[in-house]
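Novice: Provided below are the primary sequence and the corresponding predicted coordinates.
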Amino acid sequence: QLQLVESGGGLVQPGGSLRLSCTASGFTLNDYAITWFQQAPGKEREGVSCISGGGVVTNYADAVKGRFTVSRDNAKNMVYLTRDSLKPEDTAVYYCAAANRRWCPPVPTVTEFPFWGQGTHVTVSS
């Protein structure tokens, strides 16, 4: 059974850093593209960064380019999202999602990624 579990969320002060983890089980990670989505309070879920099965990264959100880094460790079946210089507007639930495709889509949509974790909450506040 394919499963994704996010971890690493919590409360962080503005300007701080955090690393989120996505642990995959039940499938071979390097056959899948993994996208991190964020859903801020009252807003729709949007794609942040995607990493292909081969490790090619595509960043989608202009606001986070340069502050968020996605990486993967296929041997451990894990994908990470490291976030630096966090701002209050980064407060959201972060989800990792998987699609059985080698490459990341030009624009990620929720429907393109059929497998989801339960999400991890991140609050950026002083």
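Specialist: Now that the structure is in, tell me what you want to look at. Just so we're clear, the structure is a prediction, and the values are computed from it rather than from any experiment.

Novice: Next up, the contacts around V57.
Specialist: S49, C50, I51, V70, S71, C104 (CB atoms under 8 Å, 6 or more residues apart in numbering). Every residue, glycine included, has its C-beta placed from N, CA and C.

Novice: in the sheet, who's paired with it?
Specialist: I51 (DSSP bridges).

Novice: Begin at 407 from now on, thanks
Specialist: Sure, I'll start numbering at 407, so the last one becomes V463.

Novice: State the pLDDT value of it.
Specialist: V463 carries a pLDDT score of 88 in this model.

Novice: re earlier: what is the nearest of the contacts of V463 to G432?
Specialist: I457 (18.7 Å; CB to CB).

Novice: what about that closest one, neighbour count?
Specialist: The tally of other residues near I457 (other CB atoms under 10 Å) stands at 23.

Novice: And the contacts of V463, which is closest to F521?
Specialist: C456 (13.8 Å).

Novice: quick one: that closest one and L408, what's the gap?
Specialist: Distance of C456 to L408, given as CB to CB, to the nearest Å: 18 Å.

Novice: neighbour count winner among those two?
Specialist: Higher neighbour count among C456 and L408: C456, with 26 against 12, using other CB under 10 Å.

Novice: give me every residue that touches the nearest residue to the more buried one once chain neighbours are set aside.
Specialist: In space, and not counting its chain neighbours, C456 is closest to C510: 3.6 Å by CB to CB, 6 or more residues apart in numbering. Contacts here follow CB under 8 Å, 6+ apart; on that basis C510 touches A439, T441, C456, I457, S458, V462, V463, T464.
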